[in-house]
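>>> Sharing a sequence plus its predicted fold:
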Amino acid sequence: MTKSTLIYRESWKETPPARPLTQEHVSNPDLLLSLHGPGRMGLKKSHHDDIEGDPYYVWSGKCGGGWAVSLRHKRFLISFNESGTVRWCTKQSGRHGLALIVKPAEGPWLVSEPLAGDSDDWRESEVRPVSLRWRLLDIEAVKVMENAGAVSLARIDAIGFTDLMPGGGSAACSRLAWLEVWGAPVARPAVLAR
């Protein structure tokens, strides 16, 4: 089994809350942010100064439709070998379940089954992309399509998250404080670089 390397961590800039989420809120200079779906402009980079220990996080409570957030590393594609993982710190409410999304370099967008459900407080968890079931994702509408069948996770161009639902304020939303991607770095071909 090949050992995984931390390719990147994103924990958002420590700046005042703002909507919509933009590239200016990304703390890692090697990452490019993309927002997807009809509800994307409702995504907010949030934080509460009056709550001790409150992280800086992405919040979906004002999204008027499906939404997704994705991050691309400027220099690397990611290979999720057997030991590759994604770690994140999340908090969901109102039966929203956060799912992982990936864009293979040579294939359509994929979405996992929901991985992080309702919680009263922030929760850290880890997933192995090679052990997940994947479905095709219409990234423009942020809607699940048919089962993806066998997929290759050897050259992943972008990684992100969605709950596939409109927001419903603080009572029905998803929150993500940070995301870590562990795997094997693969040099990004010039044709895929921005």
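Okay, I see it.
>>> Let's see the pLDDT reported for Pro108.
Looking at Pro108, its pLDDT stands at 96.
>>> The residue nearest to it when sequence neighbours are not counted: helix or strand, and which one exactly?
Once flanking residues are discounted, Pro108 sits nearest to Leu136: 5.5 Å by CB to CB, 6 or more residues apart in numbering. (C-beta placed from N, C-alpha, C; glycine too.) Element membership of Leu136, judged by DSSP states H and E, is strand 134-138.
>>> Counting by contacts, list what that strand packs against.
Packing partners of strand 134-138 (3 or more CB pairs under 8 Å, 6 or more residues apart in numbering; DSSP states H and E): strand 110-112, strand 143-147.
>>> quick revisit: bridge partners for the residue nearest to Pro108, pull those for me.
Leu136 has these beta-bridge partners by DSSP bridges: Leu110.
>>> my guess is Ile7 meets Arg188, correct?
No. When contacts are counted by CB atoms under 8 Å, Ile7 is not listed as touching Arg188 (11.6 Å).
>>> Neighbour count: those two, which is higher?
Ile7 (22 against 19; other CB atoms under 10 Å).
>>> What backbone torsions are found at the more buried one?
phi -80, psi -40 (degrees, to the nearest 10).
>>> How about the contacts made by it?
Contacts for Ile7 (CB atoms under 8 Å, 6 or more residues apart in numbering) come out as His73, Phe76, Ile78, Val181, Trp182, Gly183, Pro185.
>>> Look up the pLDDT of the last one for me, please.
Listed pLDDT for Pro185 reads 95.
>>> That one: what's it in contact with?
Residues near Pro185 by CB under 8 Å, 6+ apart: Thr5, Ile7, His73, Arg75, Phe76, Leu77, Ile78, Ser79.
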